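> any chance you could fold what I've pasted below:
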Amino acid sequence: MKLVGISGALIGRKTSKVVHEVLQAAKTFDPDLQTELLDLSEFEVEFVKGTPLSYYNDDTNKVVSAILSADFLVIGTPVYQASITGVLKNLFDHLPIDAFKSKVTGMVVTGGTDKHYLVMDYQLKPILSYLKGVIPVGNVFVQNEQFDEDNEIKDADVNSRIQKLAEEMILLQRGIQQLK
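Predicted coordinates:
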C-alpha cells in the first residue's frame, strides 16, 4: 500500500512537519508501507483553467498523478483567514469527482487558535467527502503553541493523536481493500 501525504502550505514548516509525522507513524505501524510527502511549497501547481490535465505543467501533472495513484492519503493545511489554503483548494479543483473513492483521507490542520479546529469539519471534510474520500474519526488539529521554536511538536497528546490517526488510517484502508 502507498500512503501519500499532502502539505497544503506555501510558507512555514508546521503543517509539513505534522504530515511527515503521520507518514512516519504509519511506517512504524506497517514497515512495508510506501510513503510519499507532497509539500506543495516545492511544486508549481498551476491555477485551474478548465482545460484537460495534459495542458498543465509537469509539476501539476506529477502532483495529481501521485494523488490518483495513492492507495490512501493524509492531507494537511494551515488555517489562513478561517479557511484552508488557496493552493490546496486549487489542487482539489484539478481532481476528478471520484479521486478519493475507496481511499481513506485523513486530515491534519494547524492553526493559531482552538477555534481554527472548525475548519477541519466545516471546510476540509466536505471537500474530501465530495471527492468520495473515506474520512477517519481521529483526525489531528495542532495549535501553533504546541510546537517548539524549531517546529518540533512538543505536546505528547498531539504525538499520541498522530499515532492513533496513522493506525486508524491503515486499518480502515486494509478493510476497504479486503472488500474489493
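> just for this structure, where's the confidence low?
Judged against pLDDT under 70, the chain has no low-scoring part.
> list the buried residues in the longest helix seen in the chain.
Using DSSP state H to define each element, the chain has its longest helix at helix 156-179. Buried residues in helix 156-179, counted by 16 or more other CB atoms under 10 Å: 158-159, 161-163, 165-170, 172-173, 176. Where you see a C-beta, it was placed from the backbone N, CA and C, and this is true even at glycine.
> how about stretch 118-125?
Across stretch 118-125, burial judged by 16+ other CB under 10 Å covers 119-120, 123-125.
> closest to residue 3 out of those?
Comparing these against residue 3 with CB to CB places residue 124 closest, at 17.8 Å.
> please enumerate the strands of this structure.
For the chain, the strands defined by DSSP state E occupy 2-7, 34-39, 72-78, 105-111, 140-143.
> for the first one, name the packing helices and strands.
If I follow you right, that is strand 2-7. Judged by 3 or more CB pairs under 8 Å, 6 or more residues apart in numbering; DSSP states H and E, strand 2-7 is in contact with helix 14-29, strand 34-39, helix 58-69, strand 72-78.
> thinking again about what came up before, dump the buried residues of helix 156-179 into a markdown table; add distance to residue 15 as well.
As requested, these are arranged in a markdown table below (distance: CB to CB, whole Å):
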| residue | distance to residue 15 |
| --- | --- |
| 158 | 13 |
| 159 | 16 |
| 161 | 15 |
| 162 | 13 |
| 163 | 18 |
| 165 | 15 |
| 166 | 16 |
| 167 | 21 |
| 168 | 20 |
| 169 | 17 |
| 170 | 21 |
| 172 | 22 |
| 173 | 22 |
| 176 | 26 |
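> nearest to residue 101, of those?
Checking those against residue 101 by CB to CB gives residue 176 as the nearest, at 10.0 Å.
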